[in-house]
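Colleague: Give me a 3D structure for the following:
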Amino acid sequence: MSNLETQPGEVVCENASGARSPLELLVPRDVPLGGPRAMNVRRALPQRRRSLIGAWCFLDHYGPQDISGQAGMNVPRHPHTGLQTVSWLFTGEIEHRDSTGAHAMVRPGELNLMTAGSGISHSEFSTPGTTILHGAQLWTALPDATRGTSPGFEHYRPDPVSGDGWTARVFLGSLLGSTSPVSTHSPLLGAEILLEEGASLGIDPEADFEHGVLLDAGTLHVNGQDVPGGHLAYLPPGTSPHTLEAGEGGARLLLIGGRPLGEQIVMWWNFVGRSHEEIVRYRRAWQEEIGAPMGQDDPVADEGTGAAWHHPHFGPFPPDQPAALPAPTLPNARMRPRG
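Modeller: This is a model prediction of the structure:
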């Protein structure tokens, strides 16, 4: 998914030095994607209070939304760098196409993972038969050692594992005796968990992992504390084991986690880099590639952009597809990581 904000802010991401409490509740913010008739999402990551959980750097939670007669998810070709996109649906269907030649459907309970690496472009459109769209789009930041890797695409349908009142689908990493074969570039965990009313599940994850619990539906207590719907509960390293307990009506949640990245990243629009110069360079390459205007050309935007890349840096795309999205205007201030 693209970040379709027309004025995206610079996000300097770094792991915070310790949690404020054993469980920190992160409140999502509403973000309209693409205009008044397009979808709204609830953005849980990044935010000022916390911008990374392990390598997870972006989490949009959307629906259930009736898109009958509306555009639904309508995201033409756009670029990414330095990250992996993780698409996970609860309801509906989305058509994915990218510049590696991958053409796949995103369906409930199935993982589509796209590695941007040095540069990729892709599109996402909800299918005509989809009336209700409901799911999550997540990104993980690639560590510095592998962020220039070749782009790629993987699809995986995890078999559910179940126990007393719970069912889980582990799409990244290992949990509850289930291991995903999908490639990651840092230690990560991603799973959907369903809990019946009154059911309790103990999680004993890796001791050096930090975790996030996103409540999608129902009523949930994490380590005895209520988690409001749509909120993301943050659990710092060293606080395991965790107890997930469903209240009235049961609960559906996403559990994400990973070893703290230990690196600073600068994220702007759909690019993840390490400096202002890199972000400017990515934007310039994309605008040149799609023949779009550069926009403002001030000294801040011009400095240190380096030599031109070979095109198409973000890969070829079928000519019969809708026009690509141009990049937004760069911020007026220099983007920089902070220590």
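
Colleague: and the gap between P128 and G92?
Modeller: For P128, the distance to G92 equals 11 Å [C-beta to C-beta, to the nearest Å]. For glycine as for every other residue, the C-beta is placed from the backbone atoms N, C-alpha and C.

Colleague: no wait, S118
Modeller: Taken as C-beta to C-beta, the span from S118 to G92 is 31 Å.

Colleague: So those two - more neighbours on which side?
Modeller: Counting neighbours by other C-beta atoms under 10 Å for S118 and for G92 shows that G92 has the greater number, 24 against 17.

Colleague: Show me the helices in the stretch 151-300 of the chain, by range?
Modeller: Secondary structure of the stretch 151-300 of the chain (DSSP state H, counting those that start in this stretch): helices located at 276-290, 299-302.

Colleague: So for the longest one, what gets flagged as buried?
Modeller: Just to be clear, that refers to helix 276-290. Buried residues in helix 276-290, defined by neighbour count with 16 or more other C-beta atoms under 10 Å: 276-287, 289-290.

Colleague: what does the average pLDDT come to for that helix?
Modeller: The average pLDDT within helix 276-290 is 94.

Colleague: quick one: it to chain centroid distance?
Modeller: 21 Å (C-alpha atoms, centre = their mean, to the nearest Å).

Colleague: And that helix, what does it pack against?
Modeller: strand 74-80, strand 265-268, strand 271-273, helix 299-302 (3 or more C-beta pairs under 8 Å, 6 or more residues apart in numbering; DSSP states H and E).

Colleague: Now distance to D60, mean pLDDT and mean neighbour count too, for these, in TSV please.
Modeller: Shown next, in TSV, are the helices and strands packed on helix 276-290 (distance: least, C-beta to C-beta, whole Å; pLDDT from 0 to 100; neighbours: other C-beta atoms under 10 Å):
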stretch	distance to D60	mean pLDDT	mean neighbour count
strand 74-80	12	95	23
strand 265-268	13	94	24
strand 271-273	15	96	24
helix 299-302	27	45	13
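
Colleague: so what's I256 bridging to?
Modeller: G190, G212 (DSSP bridges).

Colleague: thinking it is in contact with L52, fair?
Modeller: No: when contacts are counted by C-beta atoms under 8 Å, I256 is not listed as touching L52 (11.0 Å).

Colleague: tell me the centre residue of the protein?
Modeller: L138 (1.7 Å; C-alpha atoms, centre = their mean).

Colleague: so what does the strand or helix carrying that one touch, helix or strand wise?
Modeller: For L138, the enclosing helix or strand under DSSP states H and E is strand 132-141. Under the contact definition 3+ C-beta pairs under 8 Å, 6+ apart, strand 132-141 sits against strand 56-66, strand 83-91, strand 242-258.

Colleague: can you tell which of those is closest to N332?
Modeller: Closest to N332 of the helices and strands packed on strand 132-141, according to C-beta to C-beta: strand 56-66, at 23.3 Å.

Colleague: Let me know the average pLDDT across the closest one.
Modeller: pLDDT averaged over strand 56-66 gives 96.

Colleague: Repeat that for stretch 129-148.
Modeller: 97.

Colleague: Just send the buried residues of helix 276-290 back as a markdown table, with distance to T167 too.
Modeller: Putting the buried residues of helix 276-290 into a markdown table (distance: C-beta to C-beta, whole Å) gives the following:
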| residue | distance to T167 |
| --- | --- |
| H276 | 45 |
| E277 | 47 |
| E278 | 42 |
| I279 | 41 |
| V280 | 46 |
| R281 | 45 |
| Y282 | 40 |
| R283 | 43 |
| R284 | 47 |
| A285 | 44 |
| W286 | 41 |
| Q287 | 46 |
| E289 | 44 |
| I290 | 43 |
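
Colleague: wait, which of those is closest to L261?
Modeller: Of the buried residues of helix 276-290, the one sitting nearest to L261 (C-beta to C-beta) turns out to be E278, at 16.9 Å.

Colleague: mind listing what that closest one touches?
Modeller: 266, 271 (C-beta atoms under 8 Å, 6 or more residues apart in numbering).

Colleague: Now for the residue nearest to E110 when sequence neighbours are not counted: which residues touch it?
Modeller: Nearest residue to E110, sequence neighbours excluded (C-beta to C-beta, 6 or more residues apart in numbering): R157, at 4.7 Å. Applying C-beta under 8 Å, 6+ apart to R157 gives the contacts 109-111.

Colleague: Which of those has the largest number of neighbours?
Modeller: Of these, with other C-beta under 10 Å as the count, L111 tops at 22 neighbours.

Colleague: That residue against F153, yeah?
Modeller: No: checked against C-beta under 8 Å, the pair L111 and F153 is beyond contact range at 11.0 Å.

Colleague: S123 against P79, yeah?
Modeller: No: with contact defined as C-beta under 8 Å, S123 does not count as touching P79 (11.1 Å).

Colleague: from the chain's centre, how far out does stretch 137-152 sit?
Modeller: 12 Å.
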